[in-house]
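> Quick one, structure for this:
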Amino acid sequence: MPRKLFLCLLLSCLPLLAFCNGRITVGAERTSAYLPLLQGKRVALVVNPTSTIGNVHLLDSLLAIRVNVKKVFAPEHGFRGDADAGEHVANGIDTKTGIPIVSLYGKNRKPSAEQMKDIDIVVFDIQDVGARFYTYISTMHYVMEACAAQGKEFLLLDRPNPCDYVDGPVMQRPFSSFVGLDPIPLLHGCTMGELAQMINGEGWLETGKNSCRLTVITVKGWRHGQPYSLPVKPSPNLPNGQSIAFYPSLCLFEATQVSVGRGTPFPFQVIGAPDKRYGNFTFTPQALPGLDKNPLHKDRACHGIDLRNVQPPKGFTLKYFLDFYERSGEKTAFFDRPQWFDLLMGNSQVRKDILAGKNEAEIKARWQAELDAYKSMRKAYLLYEE
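As a prediction, this is how the structure comes out:
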């Protein structure tokens, strides 16, 4: 049997196989639900290494059955996921398929009218981890704006949220940035499909039109709160479930001189700095191509704590940040980049409360009312049972 015919038959059978096995079926695997929507259309993909059908990348799968993919829009870390956090992602050509790659990380974060003119539909398939400052959410927002402005369809292939909590402060509009465009909590408790519906429904797109032509291909066999282990790491420095669970609470350290383990095999599972007051556990960040070529405190021994075998928080916690803040003996100086901390947090009040000596319960009490209002609004956009 020809390989392309075999792959086509396999794609059509995946949903049935998943049903028979009782497993979770992500949107990309539900080919019978979305391939008819792509027939006769010029297609662009927003994808990264998590965009797979089984062990095959979505791009390769679609090309094998002659879907007319015109280009790939590449988010942070690049199409193949080999760029460091914050590293420039360049335009280019995918060496495997010859498909043009257009970067959406750097100066060009929203597809231009010129880049959209030769396509009819954008397919978005990227695994999220549930935290507002994970930039794939912002990329999705900007692509939705471009689709709304240019009258293009937006097809989202949904995936479960592996850190599925609603927690933390809601982002305040003056602190909108690429690490938080929309007024959602630090842990938003949505899948990408639910967020896309919320962005549309709440009128958050800054275009002449208040929504884009959105279709969501839902996940089958998953509900909110159900654990989900990712088959592919979502980005270079989130290698496993432990790092994903700690990421929302530890990312705030990146506004300080405390390392979160970038440049080690266990990023977002250790914290420390070149100061013995932070703990007895030691690690030494090193240049690791594909992870971090120039990590904080490179080649210096850091003292801190090891979280690899610690039960992760069920939601967001300031416990570790407040602990290291106290151990530092510093006040304002602990916030090496205060503006960056505020952007990550979505407000300036948390930093002010920490400096004022407030404990975690007192700090959290300030954002409870806005969090409750968000939870109420969120219900209208849920696609899965809680």
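> For the stretch 201-350 of the chain, which segments count as strands?
Along the stretch 201-350 of the chain, counting by DSSP state E, counting those that start in this stretch, strands occupy 213-217, 270-273, 281-283, 302-306.
> And those strands: which comes nearest residue 126?
strand 213-217 (13.5 Å; Cβ to Cβ). From N, CA and C alone the C-beta is placed, and that goes for glycine too.
> which helices and strands does the closest one pack with?
If contacts are counted by 3 or more Cβ pairs under 8 Å, 6 or more residues apart in numbering; DSSP states H and E, strand 213-217 sits against helix 31-38, helix 136-150, strand 153-157, helix 192-201.
> quick one: contacts for the residue nearest to residue 350 when sequence neighbours are not counted?
Distances taken as Cβ to Cβ, 6 or more residues apart in numbering place residue 363 nearest to residue 350, at 6.0 Å, with adjacent residues excluded. The contact partners of residue 363, by Cβ atoms under 8 Å, 6 or more residues apart in numbering, come to 318, 350, 353-354.
> Helix, strand, or coil at residue 363?
What DSSP: H, G, I helix; E, B strand; the rest coil gives for residue 363 is helix.
> can you check the one 4 residues further on too?
Following three-state DSSP, we place residue 367 in the helix state.
> Assign the residue lying closest to it once chain neighbours are set aside to helix, strand or coil.
Once flanking residues are discounted, residue 367 sits nearest to residue 169: 3.9 Å by Cβ to Cβ, 6+ apart. With three-state DSSP as the basis, residue 169 sits in strand.
> so residue 169 touches residue 187, yeah?
No. Using Cβ atoms under 8 Å, residue 169 makes no contact with residue 187, being 10.2 Å away.
> so who does the nearest residue to residue 198 once chain neighbours are set aside touch?
Of all residues not flanking residue 198 in the chain, residue 381 sits nearest, at 4.4 Å (Cβ to Cβ, 6+ apart). By Cβ under 8 Å, 6+ apart, the contact set of residue 381 is 190, 194-195, 197-198, 201.
> how much space between residue 150 and residue 120?
Going from residue 150 to residue 120 by Cβ to Cβ, to the nearest Å gives 10 Å.
> again with residue 287
Counting by Cβ to Cβ, the gap from residue 287 to residue 120 is 43 Å.
> Backbone dihedrals for residue 102, please?
Residue 102 adopts backbone torsions of phi -110, psi 120, taken as degrees, to the nearest 10.
> Any idea what it is bridged to?
residue 73 (DSSP bridges).
> list the contacts for it?
Residue 102 neighbours (Cβ under 8 Å, 6+ apart): 71-74, 91, 108, 111, 115.
> Filter those down to just the buried residues.
71-74, 111, 115 (16 or more other Cβ atoms under 10 Å).
> Where does pLDDT dip in the protein?
1-22, 78, 80-90, 207-209 (pLDDT under 70).
> neighbour count winner among residue 287 and residue 120?
residue 120 (16 against 12; other Cβ atoms under 10 Å).
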